[in-house]
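Q: give the three-dimensional model of this entry:
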Amino acid sequence: MRHRQTGVTFIGWIILLIPIVIVGFALIRLMPVYINSFKVGSAMEQVAAEFAGEERPNVAAVRSALQSRFDVEDIDNPQAQDVHLVPGEEGWVLEVQYEQATALFGPLSLLANFSKSVALR
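A: All right, here's what the predicted structure looks like:
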């Protein structure tokens, strides 16, 4: 009687694991980018809370407060000058749109686009 081997061979395991390893490595490379995004949102919310209730906040004071929080949190991208103070429906809104790239391997890199807005209430 012939016995047939069943299961996945070594080469089959390699073919199955390569995409999983690539996706896992990409997630590891993107983690600092998303942590930076959360830091930017947190800094913007703190500044919004600080200037809440002002009818017309001073743009220079808002940028200065934002820059000091960016310095403490070690945020390099975006810059405080990239954050805009614009009028919204219920008052003033801090808005920022930025991109951040991270190298994956070789000439291949990943690009993440972020858009955040926080209302000054």
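Q: measure T102 to R4 for me?
A: 47 Å (Cβ to Cβ, to the nearest Å). C-betas here are computed from N, CA, C, even on glycine.
Q: before we move on, what about P78?
A: Note on P78: its distance to R4, by Cβ to Cβ, is 60 Å.
Q: what mean pLDDT does stretch 84-91 get?
A: Per-region confidence: stretch 84-91 scores 86 on mean pLDDT.
Q: any weak-confidence spans in the protein?
A: Across the chain, residues meeting the criterion (pLDDT under 70) sit at 1-2.
Q: let's see that with 50 instead.
A: Low-confidence segments of the chain, defined by pLDDT under 50, are absent; every residue clears the threshold.
Q: what segments of this structure are helices?
A: When assigned using DSSP state H, the helices of the chain occupy the ranges 10-50, 59-73.
Q: now the longest one against helix 59-73, angle please.
A: What it means is helix 10-50. When axes from the mean of the first three to the mean of the last three Cα atoms, to 10 degrees is applied, the directions of helix 10-50 and helix 59-73 differ by 140 degrees.
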